[in-house]
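*Asks:* Next comes the sequence, and after it the predicted model I'd like to discuss.
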Amino acid sequence: MKKIQTVPNRAQQRDYNVHIEFPEFTCVCPRTSLPDFATIIIDYVPDKKLIELKSLKLYFVSYRNMGIFHEFAINKILDDLVAAAKPQSMKVVGEFSVRGGIYTTVEANFSSPS
């Protein structure tokens with residue numbers, strides 16, 4: 001798994017939202033070994049760190065051949081991003097393409113304890 005890198009937040013004097021979309025996420029169904037495709041959407045309010053986007057792309061690409069259920073993938077992504085960036089709050093949404101006539105959307109949230 002590739003490491004998510006961060007850069008300093010140079011606008012810590014205010015709260016603001018960062019919105020990121022990655023429409024090329026792929027992983028593999030652990031039951032059928034068929035590919036799953038998704039758009040990953042991240043919204044977060046940074047604290048001292050920002051997610052460095054090139055490292056985020058490489059992190060996402062590392063899922064390409066991984067057998068993982070949609071729900072676990074999104075929760076793992078949230079956990080890894082929170083561990084790296086330590087945001088005030090974060091939401092990760094995975095909008096998975098249709099497979100077997102079913103669309104799946106998974107949303108996971110984090111809020112920093114006050």
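*Replies:* Alright, I've got the coordinates.

*Asks:* Only C-alpha atoms from now on, for both contacts and neighbour counts.
*Replies:* Will do.

*Asks:* middle-most residue in this protein, spatially?
*Replies:* Using Cα atoms, centre = their mean, the residue of the chain that lies closest to the mean C-alpha position is residue 77, 4.3 Å off.

*Asks:* quick one: what helix or strand has that residue in it?
*Replies:* When secondary structure is defined by DSSP states H and E, residue 77 falls within helix 70-85.

*Asks:* what sits up against that helix?
*Replies:* Outside of helix 70-85, the residues that reach it under the criterion Cα atoms under 8 Å, 6 or more residues apart in numbering are 4-6, 46-51, 90-94, 96, 104, 106-110.

*Asks:* Quick one, which of the residues you listed are buried?
*Replies:* Judged by neighbour count, with 16 or more other Cα atoms under 10 Å as the criterion, the buried members of the contacts of helix 70-85 are 4-6, 46-47, 49-51, 90-94, 96, 106-109.

*Asks:* Which stretches in this protein count as helices?
*Replies:* Using DSSP state H, the helices of the chain run over 53-61, 70-85.

*Asks:* Tell me which of those helices sits nearest to residue 22.
*Replies:* When the helices of the chain are compared for distance to residue 22 using Cα to Cα, the nearest one is helix 53-61, at 7.9 Å.

*Asks:* Output the contacting helices and strands for the closest one.
*Replies:* Here helix 53-61 touches strand 18-28, going by 3 or more Cα pairs under 8 Å, 6 or more residues apart in numbering; DSSP states H and E.

*Asks:* What are the buried residues along the strand it packs on?
*Replies:* For strand 18-28, the buried set under the neighbour-count rule, 16+ other Cα under 10 Å, comprises 25, 26, 27, 28.

*Asks:* The third one pairs with what?
*Replies:* Judged by DSSP bridges, the bridge partners of residue 27 are residue 36.

*Asks:* And the helix holding residue 77, how far out from the chain middle?
*Replies:* Going by Cα atoms, centre = their mean, to the nearest Å, the spacing between the C-alpha centre of helix 70-85 and its chain's C-alpha centre is 6 Å.
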